[in-house]
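Student: Fold the following, please.
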Amino acid sequence: MIKAKEKHIPILIPLLDKYRIFYGQNSDQEGAKIFLEARIKNKDSIIFIAFYDSTPAGFTQLYSSFSTVSLKPIFILNDLYVYNEFRKKGIGEVLLNSAKDYCILSDYKGLALETAINNPAQKLYERLGWKKTTSSLYYFWEAN
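Tutor: Down below sits the predicted model:
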C-alpha cells in the first residue's frame, strides 16, 4: 500500500480508466492522466494504491470536506476500485482500512461514501464497521 505521488500516475491511469469504464464511461486514458495530474499537483485528494505481489491491484481516492455540525473535517471516499483478477483477495479491505487509518491519523471526524444500491461491496463496508445512513436523504443537482 502506498500513498500516491506524481511518479505513480502511470500506475494510476489504467486503474482510473477501468474504474470509469465500470461506471459506464468510455475509456479515456489521456483524460485520466490529466485528471490525476491535477488532483496530485493541486493536492485536491489523497490516493492510495494497493498491490498484490508487487502488481498494482486497486486504488481509493479521498477528498476533504467539512462537517459544520461537528466542526471537524471529513473525508469523502469518492472512488474505490479493484481489478477483477484481484477481487476476493482482501484488496478492498486493505484500501478501506488504509483510508480509515489515514482519517484517524489526520484527526478527521470520519469517512463518507456513496455506493450503488446493488453494489455487492456493501457487505464488506458493513463488516468493516461502516454504518448505512438512514436518518437523511441524498440529493444531487446536475448542471448538464
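
Student: Mind listing the strands the strand ranked longest in the chain pairs with, and their directions?
Tutor: Secondary structure assigned by DSSP state E gives strand 55-67 as the longest strand of the chain. Paired with strand 55-67 in the same sheet, following DSSP bridges, are strand 45-52 (antiparallel), strand 72-82 (antiparallel).

Student: ok, Val82 to Leu96 distance?
Tutor: Plainly put, Val82 is 11 Å away from Leu96 if you go by Cβ to Cβ, to the nearest Å. Where C-beta positions appear, they are placed from N, C-alpha and C, glycine not excepted.

Student: my bad, should have said Gly110
Tutor: Distance from Gly110 to Leu96, by Cβ to Cβ: 13 Å.

Student: Check Ile47 too.
Tutor: Counting by Cβ to Cβ, the gap from Ile47 to Leu96 is 14 Å.

Student: ok, now Arg39?
Tutor: Distance check for Arg39 against Leu96: by Cβ to Cβ, it reads 20 Å.

Student: more crowded one of the two?
Tutor: Taking neighbours as other Cβ atoms under 10 Å, Arg39 and Leu96 compare with Leu96 leading, 23 against 19.

Student: Can you check what pLDDT the model gives that one?
Tutor: On the pLDDT scale, Leu96 is placed at 97.

Student: Surely it is within a helix?
Tutor: Yes: counting by DSSP: H, G, I helix; E, B strand; the rest coil, Leu96 falls inside a helix.

Student: Give me the nearest residue to it, chain neighbours excluded.
Tutor: Here the nearest residue to Leu96 in space, its sequence neighbours aside, is Leu128; by Cβ to Cβ, 6 or more residues apart in numbering that works out to 5.5 Å.
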